[in-house]
Each structure stands twice: as C-alpha cells, then as structure tokens.
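A.B. asks: quick one: sequence plus predicted model below, questions after.
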Amino acid sequence: MTDRRSLAASPGLAIDLQLQKIEQAVKAGVDWIQIREKDLSGRELAGLVERAMTRLGSDSAVLVNDRVDVACVVGASGVHLGEHSLPPEEARRLASQCRPRENFIVGVSAHSLEGAMAAQQAGAEYVIFGPVYATPSKANFGQPQGVQRLQEICKRLTIPVLAIGGITLANAGDCLRAGAAGIAAIRLFHCGKFRRPHWQCIGAGKFFRTSAGGAGGFVRRGKCREKPRRTDEEEVFSPAEFQGHDE
C-alpha cells in the first residue's frame, strides 16, 4: 500500500519517491500494489496510477483504494474498498459499465469476523483483516485483533485473507502460519531496500491465487526458511530493524 506523504514533504518529490518504492517492492516479489492516496483529486490520482502502471508493466497488479471510477478509467487491475464503502457487487457493476475488464479484482477491508463474513457474502474476492498487531495508523479501529483471531477468520472464510497492522519481518511468518494468504503493509515496504531474499525469510514468494476471480495476496503462504547470507550486492535487514515499521 502506498502513502507518499510519509516519504517527503514536497509533493513532487513524494510522488517520485513513492514510485521508486513501488518498483523496489515489485522487484522483491510483491504481486499487488494498492494505490492508497485518499487526499488526491480524481485527476491527480489517475495520473499517479497511470505512472505506476507504466513503470510496472505486467509484473504486478495495481489496485486503487476506493475509487472505482479512477480504476476503470486508467484500466487498473481492480479496486480495494473500505468496510463501509460501496458493496463489492456494486463496485463490480460500475466497473463493467465503465470499462469491462476480465478478472477485475474487488477486495474489502474488515475489522471483525462479522465484517469479513459480510464482505465474502457480498462478493469480495479477498479480505484484508486487521489490525493484527498494534499500530498507530489503525488505532481508530480498536485494540489489536491478534493472531488467534486472524486464524479464526482464515478458517471461517473461503476467500483469501491478508493480514494487516503492525506487520514486520519478525511476525509476518506467524500470520502466514495462522492461515493468511499474504500480508499487506505500508511502512514495512517504505523502510530501506527490499529484495527478494527478505521474502524468503518469511516463506514469501509469488502471488497466491485460490479464488475463482484470481484473488490473492502480496505474498504467498509458506514455511519460514533460513535467513539468507549477506552479500556485497544484497542489503539484508534483521527483523529488529523493522520493529515499529508497520501499517
């Protein structure tokens, strides 16, 4: 997920840095990029999404937060909706009228079992659930849900569930072992340089696809592997360096 304002005070520089971070994330193996810039006008947001899509090509799917109109106009891969946004079926209907696209992805944020079940019933292809761990950006959603709650939701839903909130290299593996199809984050991807070996540390890799619509997550489910050795060409961060760098 993007948050350009956390990267620089200058608007132009912030966008340039955000595009660089997006490229780094995709090179590291991230399969979905959610453009989440709620303060931008429709025209500004469309411009940013188009620039991101041009840079990434077919290497990663680009989803737009909430703005179905922008996602349709620029031909994005899909849209991610808030828990109280448009119903998924309505978003998909609008998308089909604007610019029909095969496998247009519609996902929903959920902060409770009831919300997650409702999103699935309404036609969401995946759910982002959290906050799993404590994080300032999700404080308004209440206390952290915890891994056990995440595991319960993963067992109850038949669509992929992505974990969000306080995700670090140290705890991402716990989310995957709890049944999450992947993780979602902002600060985790903004901190330092990410390369593919970092995902190997938490058993991450290519896009995890299970649902009929091709929904999945940022990283696939897998077992933790041994931490890669540091080389002159790879900058490897320890999990301790990412404590506090969460979504």
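C.D. replies: Structure's in. What do you need? Numbering: from 1, shown residues only.
A.B. asks: which one is the residue nearest in space to the middle of the chain nearest to, not counting chain neighbours?
C.D. replies: Centroid-nearest residue in the chain: Ala184, 3.7 Å away (criterion: Cα atoms, centre = their mean). Once flanking residues are discounted, Ala184 sits nearest to Ile164: 4.4 Å by Cβ to Cβ, 6 or more residues apart in numbering. C-beta: built from backbone N, CA, C; applies to glycine.
A.B. asks: which of the helices or strands spans Ser96?
C.D. replies: helix 88-98 (DSSP states H and E).
A.B. asks: parallel or antiparallel, list what pairs with the helix or strand following that helix.
C.D. replies: Note on helix 88-98: by DSSP H and E, the next helix or strand toward the C-terminus is strand 105-110. Looking at strand 105-110 with DSSP bridges, its partner strands are strand 78-81 (parallel), strand 126-129 (parallel).
A.B. asks: among those strands, show me which one is buried the most.
C.D. replies: strand 126-129 (a mean of 29; mean count of other Cβ atoms under 10 Å).
A.B. asks: where does the chain have low pLDDT?
C.D. replies: The model of the chain has pLDDT under 70 over residues 99-101, 136-142, 191-247.
A.B. asks: switch the cut-off to 50
C.D. replies: Applying pLDDT under 50 to the chain picks out residues 197-247.
A.B. asks: quick one, strands of it?
C.D. replies: 32-35, 61-65, 78-81, 105-110, 126-129, 161-163, 182-183 (DSSP state E).
A.B. asks: can you redo the ones you listed as TSV with distance to Lys155?
C.D. replies: Shown next, in TSV, are these (distance: least, Cβ to Cβ, whole Å):
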stretch	distance to Lys155
strand 32-35	23
strand 61-65	25
strand 78-81	23
strand 105-110	15
strand 126-129	12
strand 161-163	10
strand 182-183	16
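A.B. asks: out of these, which gets nearest to Asp174?
C.D. replies: Comparison of those against Asp174 by Cβ to Cβ identifies strand 161-163 as nearest, at 8.9 Å.
A.B. asks: hmm, back to that, OK, contacts around the residue nearest to Ala184?
C.D. replies: Ser109, Ile128, Phe129, Gly130, Pro131, Val132, Lys138, Ile183, Ala184, Ala185, Glu247 (Cβ atoms under 8 Å, 6 or more residues apart in numbering).
A.B. asks: now render the strands paired with strand 105-110 as TSV, adding distance to Arg51.
C.D. replies: What follows is the strands paired with strand 105-110, written out as TSV (distance: least, Cβ to Cβ, whole Å):
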stretch	distance to Arg51
strand 78-81	18
strand 126-129	24
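A.B. asks: residues touching His84, list them.
C.D. replies: Counted by Cβ under 8 Å, 6+ apart, His84 has zero contacts.
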